[in-house]
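# Fold the following and give me the result.
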Amino acid sequence: MSSTECRDLGRALCIITGASRGFGQTIARNMSRLVKPGSVLVLVARSGDDLRALQAELAESEAGRVGLVVECVVADLGQPDGLEAVVRRSQESFSEDLDHIILVNNAASLGDVSRYVKSFTNMAEVDSYLSLNVTSSLCLTASILQAFPQCPGLRRTVINITSLCALQPFRSWVLYCTGKAAREMIFRVLAEEEPDLRVLNYSPGEERSLHSSLASQSKTADPTIRKSFSDMFAQGQLLTCEESCAKLMKVLLDDNYTSGAHIDIYDL
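Residues are numbered from 1 along each chain as shown. A predicted model of the protein is given here:
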């Protein structure tokens, strides 16, 4: 643990997956304001138009005007060439004056929540979900750590955006719960294996960007879970991405969490 609080994230190379919208987009905006001039943001997503719009927005921001570099990688992380493109662009963007590598594993998909466990008999369907949500996160993290090994003067931070679903079962959300649980264990193991790393599993809470669509489109098969989300949305109990992200940034700046810990926004 650090004994002092950080006022910024340093001159950083920040790699953010799922950066084109929602929580990932908000992370990119917040990090752009907390890194030193000369930092680099590598934004990754499948939606090229949305990524380029965010790139243009950040280039015109105060951070962009004082030297923030924003790179876009349009990639499907469920495919090997997508992962390779992210690593290659990150290596190309690195310079010796950078002192902090930050990898944010945010990209994820909900999966089919309209069905229960007993309906998932298609191995290819399940394998495809796990490839994007678990395998790609593990392999990208491993590749980035190999590309940027431990060396004097270089901090390395790995963040996994997790969920209560990593800890608690939700009926009809078997793919999402399984993916989140497996992914969180990856980063808990990583923290044990690599004591020089700062590893964080951050749960941003119930966000409007995810659950408003579930409530309005009634995708969730289980009526109790569906009603719970609908009620939270109707009563204004869902958090905005900005509220969730502000807490994450404070955790990173304070830098006094136990590496590998699961930190939920409601515990802060």
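
# Where does pLDDT dip in the stretch 101-250 of the chain?
206-218, 236-237 (pLDDT under 70).

# go with 90
Along the stretch 101-250 of the chain, the model assigns pLDDT under 90 to residues 205-240.

# tell me the helices in it, going along the chain?
All helices of the stretch 101-250 of the chain, identified by DSSP state H, counting those that start in this stretch, fall at 123-130, 136-147, 174-193, 208-217, 223-234, 241-254.

# Tell me which of those helices sits nearest to residue 27.
With CB to CB as the criterion, residue 27 lies closest to helix 241-254 of those, at 5.7 Å. For glycine as for every other residue, the C-beta is placed from the backbone atoms N, C-alpha and C.

# Dump the helices of the stretch 101-250 of the chain to JSON lines, plus mean neighbour count.
Listed next are those as JSON lines, based on neighbours: other CB atoms under 10 Å:
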{"stretch": "helix 123-130", "mean neighbour count": "13"}
{"stretch": "helix 136-147", "mean neighbour count": "18"}
{"stretch": "helix 174-193", "mean neighbour count": "19"}
{"stretch": "helix 208-217", "mean neighbour count": "16"}
{"stretch": "helix 223-234", "mean neighbour count": "15"}
{"stretch": "helix 241-254", "mean neighbour count": "17"}
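
# Save those as CSV, and put in distance to residue 49 too.
Listed next are the helices of the stretch 101-250 of the chain as CSV, based on distance: least, CB to CB, whole Å:
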stretch, distance to residue 49
helix 123-130, 24
helix 136-147, 22
helix 174-193, 26
helix 208-217, 18
helix 223-234, 27
helix 241-254, 19
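
# Quick check: phi and psi at the most centrally placed residue in the chain.
Nearest to the mean C-alpha position of the chain, by CA atoms, centre = their mean, lies residue 106 at 1.9 Å. Here is the backbone geometry of residue 106 (degrees, to the nearest 10): phi -110, psi -30.

# Hmm, residue 25 and it touching each other?
No: using CB atoms under 8 Å, residue 106 is not in contact with residue 25; the gap is 9.5 Å.

# shared neighbours of these two, anything?
residue 19 (CB atoms under 8 Å, 6 or more residues apart in numbering).

# Now for the residue nearest to the centre of the chain: which residues touch it?
Neighbour list for residue 106: 16, 17, 18, 19, 23, 24, 27, 159, 161 [criterion: CB under 8 Å, 6+ apart].

# out of everything not next to it in sequence, what's closest to the fourth one?
The spatial neighbour of residue 19 that comes closest, neighbours along the chain excluded (CB to CB, 6 or more residues apart in numbering), is residue 43 at 3.9 Å.

# Which strands or helices does the helix or strand that contains that neighbour pack on?
According to DSSP states H and E, residue 43 maps onto strand 40-45. For strand 40-45, the packing partners by 3 or more CB pairs under 8 Å, 6 or more residues apart in numbering; DSSP states H and E come out as strand 12-17, helix 22-34, helix 48-60, strand 69-74, helix 80-93.

# Of all those, which one is nearest residue 126?
Closest among the helices and strands packed on strand 40-45, using CB to CB: helix 80-93, at 19.3 Å.

# List the buried residues for that closest one?
82, 83, 85, 86, 87, 89, 90, 93 (16 or more other CB atoms under 10 Å).

# Pipe the residues you listed into JSON lines and attach pLDDT and distance to residue 147 per row.
Formatted as JSON lines, the buried residues of helix 80-93 follow (pLDDT from 0 to 100; distance: CB to CB, whole Å):
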{"residue": "82", "pLDDT": "96", "distance to residue 147": "16"}
{"residue": "83", "pLDDT": "96", "distance to residue 147": "12"}
{"residue": "85", "pLDDT": "98", "distance to residue 147": "13"}
{"residue": "86", "pLDDT": "98", "distance to residue 147": "10"}
{"residue": "87", "pLDDT": "98", "distance to residue 147": "6"}
{"residue": "89", "pLDDT": "98", "distance to residue 147": "11"}
{"residue": "90", "pLDDT": "98", "distance to residue 147": "7"}
{"residue": "93", "pLDDT": "97", "distance to residue 147": "11"}
